[in-house]
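Visitor: Take this sequence and fold it.
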Amino acid sequence: MSGGADIPPLEQGTDEGGPAGGLRLSTGSPELPGGRVELTVAADGSLRAERRTGDIRTVRTGRLDPGLLGRVLGALRGAAPGLPPEQVTGGGAGRRLTVTGLLGEQSLTWEDGGAAPLPGVGNALEALAAQVLDQAAPGRLPTALIILDQPDPVAAEAVGRPTAALGTVAGRPAYALAQPGEGFGLAALDGSGTLGGSDADAGVQPTAMALGSAGERELFAVGGEDGAVQVWDAVAGTLLHSTAGGEGAQAVAAGLVEGVPLVFSAGRAGEVRAWHGEDGRALGLLPVGGHGAAVLCHARCADLDLVAAAGDDAVVRVWDASTGEQLHLLVGHTDRVTVLAVLSLGDQAVLASAGMDGVIRLWDLATGQPVAALAGHSGSVTGLAFLTVDGEPQLASCSLDGTIRTWDVYTGTASGGRPAERGWLTALAAVELAGAPVLAVGDESGGLTLWDPVTARPLGSCAAPGEMFPLNALAAAELDGRPVLAAGYGDGTLRLWDAVGRTELRTAAPEGGPVTSVALCAAADRALIVCGTATGAVRCLDPRGAKALTVPVPHGGAVTGLAFGEPVDGGPAVLVSAGEDGTLWVREALGGAPLLRLAAGPHAVTALAVGLVAGRRTIAAAGGDGVVRLWDGSDGRPGAEIAAAPGRVQVLAFGRIGASDVLVGGRGDGSLQVWNLPDGAVVSSLTGGDAPVHSLVCQDLDGEVLLAAGDAGSTLRLWHLASGTLLNEAGLDRVPLAIAFGDSGLHVVGPGGATTL
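Guide: As a prediction, the model looks like this:
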């Protein structure tokens, strides 16, 4: 994949043109609420998007489908020519677009407020930049057009630096400490010896740790740079539960395997995961060499349940879903594979695969041998579906070239086709209405049209109310005797349609960003709709009711925070994990069952705390955008959003001032801020040193609440919280990564171990 990493960032105020053979769009200013955004796209489609808001910088790279770049350039050719860069006047916080080498040798520039304002296609480029930078936001462009690389971590400093936690093990005060290249270890605070740990080859590179308890069990949690979270019995040293490392799920599939509903999920990296579709239990991994997958497909063929996966490496892999055995490795495509379909023919089966190279390939699943290569589309293929016409199997396809085609499976020749006249076609499924095959086709505007594959004529459409976003994914099945269609849209909405009456049966509100894939599994006694999203969340819904299941996919990047929460109102103790991907997971601390998934925005979570506010478990998290967000830790209801700028919040701690609950935040500039809860009003600001705050703890001592704060300059400060008075300040021989009040003094853990003041 082209990553675009070789395209340098455009510094504010630069008047030079874009990269050789590319375009560059700049909007806004770092001082404005939306920040300054720079989008660069090279001639080969590689892209780089950057946002700067104050001192916060976010960068994403990837590439575009050639169809998108082609449409942009086509629109610019029809616009009034821009002026050479040196002749442009105006500027300020407006938009500026420069194109070099793509529309002739001269660099052309459009600028709002100048003699040549941006044409309408500038809005599409703005939408592209916003979609790349914020995957949780509604997507105006089909997700098939944008292929992102791994995130450029905002919180990369968390990886490769020591981390620590304080608590108890076997009733004794203890601490956990992880140092780069050395694994992690547990030790008694009194210096009496180690209590367990790992070496550097433990399989997890720790970036966050926590000590806590659930009932009579004392627990130790560790999160890694690959997004994995492990929970151990701190006394027995046994692993209780864990999530595998890797990305979330942009691609999903579902099916009944030996009568059990299973969900398969995959992200841009890592392996394909299998989950139990009713309780979210992880069942295992299907290896793809860490390459991830862009598309998954489940099929029942003869006596086998098969799962196929394909993606950026252009290779199609096929497994026996019951055993996990890889059956075939299918090689032939020359670019990213994005769609798969399977046809069962008695004891035989045919797999169809296609993607960005525009060629559809048919494979014999019994032998793994190629059957045919179907060429005809001039753009990326975005949909495949098998159907039966006059008793003979056919394959239907749609593409970003705006055409629908049908193919004879036995001869591998085209049997029909026509332009759909709806621009980009983004998804395809086949259903049977009144005994006749019908094609359902989704498009870039959110339309869902039914077509007769024999006459190539439209039969009607499924019209959703309100503003429409691209229809990114489509799946078909028969539910309770009627054909239904599950459609996922760019705003994150999931709709279930009755294909006969073209009426909406059920709607699931947006969650987790644009829907990227949909699977529909239906049987007489159970049914499941599964969708993957741009942020990597998996959503599982019962199409017959309101039941929903949160599948515990790992964080898409390093774990940046871990915190245990005590039982509330008879519920279980919980573990909250925060990630570089801007998400938080709430799980049962002891069993690991997923309870909540919370989205903190597109930026990495930089600080996490769990506490009680008015008797309710409350989660606080700070993001790279400088905002502190609150949630009810039991039901996930959002609370206050606190703008904590300037300076990113590095650490959070709950406390009390008199009868009031408060939250304390330590920032990257060394200052502390105290907010009243639950409204988030500022109580006080405390000025410490200028080094980033690394650790905080509040403690009630005989009715007086003290606040201890340690910073990256190896300084520890003690404050009287209610009055904001600095009581003491001391230099240390180590950076205080974790601090806690104890019977014998103030415990401090840093590189090299623990000490007591």
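
Visitor: And stretch 616-632, end to end?
Guide: One end of stretch 616-632 to the other measures 7 Å (CA to CA, to the nearest Å).

Visitor: just how off-centre is it within its chain?
Guide: Stretch 616-632 sits 18 Å away from the centroid of its parent chain (CA atoms, centre = their mean, to the nearest Å).

Visitor: What of stretch 254-267?
Guide: 21 Å.

Visitor: Count residues in the vicinity of the nearest residue to Gly490 once chain neighbours are set aside, would you?
Guide: Distances taken as CB to CB, 6 or more residues apart in numbering place Phe469 nearest to Gly490, at 3.3 Å, with adjacent residues excluded. C-beta coordinates here come from the backbone N, C-alpha and C atoms, glycine included. By other CB atoms under 10 Å, 24 other residues sit near Phe469.

Visitor: Same check on Ile404?
Guide: When counting by other CB under 10 Å, one arrives at 23 neighbours for Ile404.

Visitor: would you say the residue nearest to Gly490 is within a strand?
Guide: No: per DSSP: H, G, I helix; E, B strand; the rest coil, Phe469 lies outside any strand segment and is coil.

Visitor: List the contacts of it.
Guide: Phe469 makes contact with Pro138, Gly139, Arg140, Gly446, Tyr489, Gly490, Asp491, Thr493, Pro514, according to CB atoms under 8 Å, 6 or more residues apart in numbering.

Visitor: Counting neighbours, what do you get for the last one?
Guide: Counted with other CB under 10 Å, the neighbours of Pro514 add up to 30.

Visitor: same check, this time on the third one
Guide: Counted with other CB under 10 Å, the neighbours of Arg140 add up to 18.

Visitor: Kindly indicate whether it is helix, strand or coil.
Guide: coil.

Visitor: The spatially most central residue of the chain: helix or strand, and which one exactly?
Guide: Nearest residue to the geometric centre of the chain (CA atoms, centre = their mean): Thr535, 2.2 Å. If you go by DSSP states H and E, Thr535 is not part of any helix or strand.

Visitor: So which residues of the stretch 601-750 of the chain form strands?
Guide: Secondary structure of the stretch 601-750 of the chain (DSSP state E, counting those that start in this stretch): strands located at 605-613, 616-623, 627-632, 638-643, 649-657, 660-667, 672-676, 682-686, 693-701, 704-711, 715-720, 725-731, 738-742, 745-750.

Visitor: Quick check: which of those is buried the most?
Guide: Across the strands of the stretch 601-750 of the chain, averaging neighbours per residue (mean count of other CB atoms under 10 Å) puts strand 616-623 on top, at a mean of 26.

Visitor: what angle sits between that strand and strand 660-667?
Guide: Here strand 616-623 points in a direction 20 degrees away from that of strand 660-667 (axes from the mean of the first three to the mean of the last three CA atoms, to 10 degrees).

Visitor: tell me what strand 616-623 is packed against?
Guide: strand 559-565, strand 574-579, strand 583-588, strand 605-613, strand 627-632, strand 649-657 (3 or more CB pairs under 8 Å, 6 or more residues apart in numbering; DSSP states H and E).

Visitor: change it to 6 Å
Guide: strand 605-613, strand 627-632 (3 or more CB pairs under 6 Å, 6 or more residues apart in numbering; DSSP states H and E).

Visitor: From the contact counts, what lies against the shortest one?
Guide: Strand 627-632 makes packing contacts with strand 616-623, strand 638-643 when contacts are defined by 3+ CB pairs under 6 Å, 6+ apart.

Visitor: what lines up beside that strand in the sheet?
Guide: With DSSP bridges as the test, strand 627-632 is paired with strand 616-623 (antiparallel), strand 638-643 (antiparallel).

Visitor: Nearest to Leu102, out of these?
Guide: Ranking the strands paired with strand 627-632 by proximity to Leu102 (CB to CB) places strand 616-623 first, at 36.2 Å.

Visitor: Quick one: residues in contact with that closest one.
Guide: Applying CB atoms under 6 Å, 6 or more residues apart in numbering, the external contacts of strand 616-623 come out as 565, 568, 576, 578, 584, 600-601, 603, 605-611, 628-634, 649, 652, 663.

Visitor: and what of stretch 368-377?
Guide: By CB under 6 Å, 6+ apart, the list of residues contacting stretch 368-377 reads 328, 358-364, 399, 401, 405, 407, 412, 414.

Visitor: still on that earlier bit, nearest to Ala170, out of the contacts of Phe469: which one, please.
Guide: So of these, ranked by how close each gets to Ala170 (CB to CB), first place is Pro514, at 48.1 Å.

Visitor: OK, contacts around that closest one?
Guide: Gly139, Thr143, Gly490, Gly492, Ala534.

Visitor: And the second one, its phi and psi?
Guide: Right, Thr143. Backbone torsions of Thr143, given as degrees, to the nearest 10, read phi -60, psi -20.

Visitor: same question, the last one
Guide: Summarising the backbone geometry of Ala534 under the convention degrees, to the nearest 10, its torsions are phi -60, psi -30.

Visitor: Could you check how far it is from Ala366?
Guide: Distance of Ala534 to Ala366, computed by CB to CB, to the nearest Å: 36 Å.

Visitor: For the stretch 1-150 of the chain, give me the ranges with low pLDDT.
Guide: 1-20, 31-33, 55-56, 80-93, 150 (pLDDT under 70).

Visitor: Turn the contacts of Phe469 into CSV, including distance to Val748.
Guide: As requested, those are exported to CSV (distance: CB to CB, whole Å):
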residue, distance to Val748
Pro138, 46
Gly139, 47
Arg140, 50
Gly446, 57
Tyr489, 51
Gly490, 50
Asp491, 48
Thr493, 50
Pro514, 46
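
Visitor: what's Val627 in contact with, if anything?
Guide: Glu641, Ala643.

Visitor: before we move on, what about Thr338?
Guide: Per CB under 6 Å, 6+ apart, neighbours of Thr338: Ala294, Val295, Gly355.

Visitor: if you set the cut-off to 8 Å instead, what comes out?
Guide: So Thr338 contacts Ala144, Ala294, Val295, Ala310, Ala354, Gly355, Met356, Ser380, Val381, Thr382 (CB under 8 Å, 6+ apart).

Visitor: Quickly find the element holding the fifth one.
Guide: Under the criterion of DSSP H and E, Ala354 resides in strand 348-355.

Visitor: Parallel or antiparallel, list what pairs with the helix or strand following that strand.
Guide: Using DSSP H and E, the helix or strand that follows strand 348-355 in sequence is strand 360-364. As defined by DSSP bridges, the strand partners of strand 360-364 come to strand 348-355 (antiparallel), strand 369-374 (antiparallel).

Visitor: Give me whichever of those strands is most buried.
Guide: On a mean-neighbour basis (criterion: mean count of other CB under 10 Å), the most buried of the strands paired with strand 360-364 is strand 348-355, at a mean of 24.

Visitor: average pLDDT for that one?
Guide: The average pLDDT within strand 348-355 is 94.

Visitor: swap in stretch 172-183?
Guide: 82.

Visitor: which residues make contact with it from outside it?
Guide: With CB under 8 Å, 6+ apart, stretch 172-183 has contacts from 160-168, 184-190, 195, 197-202, 205-206, 209, 211, 220, 222, 234, 737-738, 742, 747, 749, 751, 753-754.

Visitor: are any of these buried, and which?
Guide: Neighbour-count burial (16 or more other CB atoms under 10 Å) applied to those gives 161-168, 184-189, 195, 197-198, 205-206, 209, 211, 220, 222, 234, 737-738, 747, 749, 754.

Visitor: Point out the ones among the residues you listed that are inside strands.
Guide: Among the buried ones among the contacts of stretch 172-183, DSSP state E puts 163-168, 184-188, 195, 197, 206, 209, 211, 220, 222, 738, 747, 749, 754 in strands.
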